[in-house]
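# What would the 3D arrangement of this be:
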Amino acid sequence: MTATRIARRVLLGIAAALALLLAVAAGFIAAVQAGHFRGALLDLVSARVGRPIEVGGPLQAQLFTFSPRISAARLIIDNPPWMPAGRTAEIGKLSLVLDLPRPHHRFGVKSLTMESATLHLVREADGRANWQWTDPRRAHSGRRMAIVRSLSVPGARVTLDDERRHLKFEGTVSADAPAGLASSPQPAPPLRIRGEGDLNGRPAGFEITGDSLATATHETPYHFSYTERSSGSRLDATGSLPRPFDFGAIEATFQAAGEDLKDLYFLVGLRLIDTGRYRLSGKLERDGLQFKFEELSAHSGQSDMHGSVAIDSRHARSKLDIRLDSRLLRMADLGARAAGRAPPVSGPALVLSNATLSPGALRRDDAAILFRAERLEAGRLALSDVSAKAVLDQGVLTAAPLAARLLGGEIHGRVRLDVNQDPPLADVDLQIAGLQLAEIHRQEGAAPPPIEGLLQARIAVSGRGSSIHQVAATASGLVTVIVPGGTIRDSLAELTGMDLRGLGLLLTKSQRDTALRCAVAVLPDRGGTLTVQELIADTDPVLITGGGQIRLDTESLDLSLRGEPKSLRLFHWRSPISIKGTLSHPSVDIKAHKLQIVDPGKAKNADCPALIASAESEQSRRPASAGPSSP
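Reported below is the predicted structural model:
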C-alpha cells in the first residue's frame with residue numbers, strides 16, 4: 001500500500017467521523033429544541049447549580065446561539081446538600097435568557113422572569129442557608145456572580161426562617177428591573193423590590209431601590225437605598241455593594257426612629273431594650289459574617305449613647321466588641337415604663353430602677369464591653385464619671401472594674417450576672433469611699449447642711465432578677481456603713497434624746513453644729529430585707545442607737561432611733577423616734593411618753609476605734625457570693 005493511498009484513507013475516515021459528529025450534533029440540537037433529552041439537560045443544570053432540580057411541565061431550550069433561552073413550567077428547586085432536605089423554590093414558570101462570553105462580552109444573564117413563584121428561605125444558627133450559592137463551610141472561590149440585566153418577579157410568596165438573625169417573615173415580594181431601550185436617551189430604569197407581610201409576627205413592609213441592572217458592572221460599586229417599617233419603627237439606609245453582586249460585602253449608612261427601640265427587633269432581629277421614642281443612626285460595614293457599626297448615635301428621652309459595635313458571626317456564638325459613651329443616661333428613659341407598656345404605678349416612685357434587661361439576648365452571644373458615662377441617673381441616685389469594663393462569656397456577664405463618683409466620693413467594685421439561671425443571679429460587691437454627707441440634698445443658697453462627714457460603705461450582696469430593683473428585692477448579704485468623724489446639727493442630735501434642750505434648739509432654729517465622733521451601721525440582708533444589726537452614732541451631747549428594717553421589695557422603712565444624753569437633761573421623754581414611709585418619701589413619727597423629769601445623762605462616749613475596726617472586719621469577712629434566698 002503506497003503512502004498516497006494510506007493518506008487518502010485517513011482523510012476519508014476523518015471526513016466520515018466529522019460527518020457523523022455533525023449529524024449527532026444536529027440531531028441533539030433538534031431533540032433539545034423539541035423537548036427531548038430533558039433528563040440529561042436537567043442533570044447537567046443540577047450539577048452546575050449544586051442542588052436537585054425537577055421540572056413538572058414543559059421544558060424548552062434554544063442552546064446553540066449566543067443568547068441561549070430556557071423556559072420551564074412547574075419548576076422545583078430543592079435545598080443544597082449543606083442544608084436539611086426540603087424545597088428552596090417552587091416556580092410556576094421560569095424564563096431565562098443568557099449572554100454567552102465572546103470577544104468584548106462576558107457571561108451574563110440577559111433576563112430572568114419568574115411567575116407564580118413560592119420561595120422557602122431558611123438559614124440555620126451556624127450561618128448555613130439554602131439560598132447560598134456555595135457551601136459556606138468551604139473557602140470562598142472569589143468567583144464573580146453573573147449580573148442579571150433584566151428581572152421580573154411579580155407577587156412571589158416568600159417565607160423566611162432565619163435562626164441566625166431571629167427573623168421570621170411571611171408575605172409577598174415583587175422585583176422589577178426593566179432592561180430599558182438601547183436607543184432611548186433616558187437612563188435605564190432602576191431595580192425596585194417591594195415586600196409586604198408579617199415580620200416576627202408584626203405587619204411589616206420594605207422597599208429596595210437600586211442602580212439600573214442594565215448598566216451595572218463588576219468594576220464599580222452598586223448603589224442602593226432601603227426602607228423598612230414595622231410596629232411603629234422605621235429603618236432607612238443608603239449604601240453600596242463594593243463587589244457587585246457579592247452580598248457578603250456591604251457599606252451603608254442608616255437611620256432609624258420609632259416609639260420604642262425594642263420594636264427594631266421586628267426589623268433587624270436583634271433583641272434590644274424598651275425605651276420611649278428614639279432616634280438611631282450609624283454606619284455599617286459588612287465583610288462576610290463580620291459586621292462593624294461605626295459612628296453610632298442613639299437618643300431617647302434625655303438620654304444619649306454614642307460608640308461602635310463590631311460583630312463576628314463566623315462561629316456558633318457571635319462575638320461582640322462594644323464601646324459606648326454617654327453624656328447622660330437616665331434609667332427612667334429605659335424599660336417598659338418609659339415605653340408606656342408597664343401597668344400604672346400606685347404609690348411613690350421607686351428609688352432603685354426597675355428597668356429590665358433581656359436575659360435571652362445575653363445567652364446567645366459573647367462580648368467585650370467598654371462603657372463610659374459622664375452622668376448616670378438610676379432612680380433618684382445620680383452617678384458621675386461612670387466607667388465599666390465588662391466581659392460576657394457563655395451567658396455570664398462580669399463587670400470589673402466598675403467605677404463611678406457619687407456625692408464627691410468614689411465607688412469601685414464588680415458585678416457578676418449569670419443569665420443562664422432563671423431568674424438571673426447577680427453578685428454585687430461595691431465599695432464606697434469619701435462620700436460627702438453634706439452633698440446629700442444640697443441646694444444652692446440653702447442653709448448649711450445638717451450633717452457633714454465622709455462616709456465609707458461596702459455593699460456585698462447576691463440577688464435574682466433582671467433589674468436593679470428585682471435584684472435588691474431578693475438580695476442576701478451584708479451592707480456596712482462607716483462615718484469616722486464629722487459634724488451634725490446640734491438640734492438634730494438633741495432631738496433624738498427627746499428633751500427640753502433639744503426642743504428649745506429646734507424652736508429657735510439653731511444652726512449650731514456639734515461633733516459627730518463616729519457612726520457605724522451593720523445591716524445584714526436576707527431575702528431583700530435589710531435588718532439593723534448594729535447602728536451607733538456618737539455625738540458630743542448624745543449617744544444615738546437604732547434598730548429596725550428596710551424592705552427593698554417595697555422600699556418601705558421601719559426604723560427607730562433612740563438618743564441617750566451624756567449630761568444632765570430636764571424633761572427627757574424616753575421614747576424612740578420612728579422613721580416610716582419609703583426610701584423616696586420617709587416620714588418621722590414622734591410619740592412622747594415615759595417622761596423623766598430629771599435625767600442625769602449617764603451615756604458614755606463610744607469606743608469609736610473599736611466600732612470602726614469591728615465594722616471593717618465584718619466587711620472583709622462577708623463575701624458578695626453569700627447567695628440569695630431561694631426564689
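# Chain neighbours aside, what residue packs nearest to residue 193?
residue 208 (4.2 Å; C-beta to C-beta, 6 or more residues apart in numbering). Every C-beta, even on glycine, is put in place using the N, C-alpha and C of the backbone.
# The one you found: neighbour count?
Using other C-beta atoms under 10 Å, residue 208 is surrounded by 18 other residues.
# is it true that it lies in a helix?
No: counting by DSSP: H, G, I helix; E, B strand; the rest coil, residue 208 is not part of a helix but strand.
# need the contact list for it.
Counting by C-beta atoms under 8 Å, 6 or more residues apart in numbering, residue 208 touches 191-194, 224-226.
# Buried among the residues you listed? Need that as a selection in PyMOL.
Restricted to buried positions by 16 or more other C-beta atoms under 10 Å, the PyMOL selection for those reads:
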select buried, resi 191+193+224+226
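# Restricted to strands, list the contacts of residue 208.
191-194, 224-226 (DSSP state E).
# which one of those is nearest residue 512?
Nearest to residue 512 among these: residue 226, at 70.4 Å, using C-beta to C-beta.
# Give me the distance between the closest one and residue 513.
Going from residue 226 to residue 513 by C-beta to C-beta, to the nearest Å gives 66 Å.
# where along the chain do the helices fall?
Taking DSSP state H, the helices of the chain run over residues 3-33, 38-49, 265-268, 359-364, 468-473, 490-495, 500-507, 608-621.
# worst average pLDDT in those helices?
Ranked on mean pLDDT, the bottom entry among these is helix 500-507, at a mean of 51.
# Do a quick rundown of the strands in the stretch 101-250 of the chain.
Using DSSP state E, counting those that start in this stretch, the strands found in the stretch 101-250 of the chain span residues 108-123, 151-162, 167-177, 191-199, 202-210, 222-230, 233-241, 249-258.
# any chance of the contacts of residue 208 in a markdown table, with distance to residue 49 and pLDDT too?
What follows is the contacts of residue 208, written out as a markdown table (distance: C-beta to C-beta, whole Å; pLDDT from 0 to 100):
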| residue | distance to residue 49 | pLDDT |
| --- | --- | --- |
| 191 | 23 | 93 |
| 192 | 26 | 95 |
| 193 | 22 | 94 |
| 194 | 27 | 95 |
| 224 | 25 | 95 |
| 225 | 30 | 96 |
| 226 | 28 | 92 |
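# From residue 148, how far off is residue 61?
Taken as C-beta to C-beta, the span from residue 61 to residue 148 is 19 Å.
# let me fix that: residue 409
The spacing between residue 409 and residue 148, counted by C-beta to C-beta, is 66 Å.
# and if you look at residue 122?
Computed as C-beta to C-beta, the residue 122 to residue 148 distance reads 23 Å.
# and if you look at residue 278?
To residue 148, residue 278 is 38 Å away according to C-beta to C-beta.
# Check residue 387 too.
Distance, residue 387 to residue 148, using C-beta to C-beta: 51 Å.
# With residue 249 instead?
18 Å.
# between the two, which one's more packed in?
Applying other C-beta under 10 Å to residue 249 and residue 148 shows that residue 148 carries more neighbours, namely 20 against 16.
# which residues does the nearest residue in space to that one that is not next to it in sequence contact?
For residue 148, ignoring the flanking residues on the chain, the nearest one in space by C-beta to C-beta, 6+ apart is residue 109 at 4.4 Å. Applying C-beta under 8 Å, 6+ apart, we find residue 109 in contact with 96-99, 146-149.
# what's the answer for residue 390, then?
With contact taken as C-beta under 8 Å, 6+ apart, residue 390 is in contact with 367-371, 397-400.
# Out of those, the closest to residue 172 would be?
Distances from residue 172 to the contacts of residue 390, taken by C-beta to C-beta, are shortest for residue 367, at 37.1 Å.
# now the closest one, which residues is it bridged with?
residue 320, residue 392 (DSSP bridges).
# For it, give its distance to residue 288.
Taking C-beta to C-beta, one finds residue 367 at 20 Å from residue 288.
# Between those two, point out the one with more neighbours.
Of the pair residue 367 and residue 288, residue 367 is the one with more neighbours under other C-beta under 10 Å, namely 18 against 14.
# ok, the more buried one to residue 297 distance?
With C-beta to C-beta as the criterion, residue 367 and residue 297 are 20 Å apart.
# For residue 380, grab the count of nearby residues.
12.
# Run a quick neighbour tally on the closest residue to it other than its chain neighbours.
Spatial nearest neighbour of residue 380, excluding adjacent residues (C-beta to C-beta, 6+ apart): residue 351 at 5.1 Å. Other residues near residue 351 come to 18 when the count uses other C-beta under 10 Å.
# show me what contacts residue 351?
Residue 351 neighbours (C-beta under 8 Å, 6+ apart): 379-381, 555, 582-584.
# let's go with 7 Å and repeat that
379-381, 555, 583-584 (C-beta atoms under 7 Å, 6 or more residues apart in numbering).
# Could you rank the residues you listed by neighbour count and give me the top one?
Ranked by neighbours (other C-beta under 10 Å), those are led by residue 555, which has 22 neighbours.
# From what I see, that one and residue 379 are in contact.
No: look at residue 555 against residue 379 with C-beta atoms under 7 Å: they stay out of range, at 9.5 Å.
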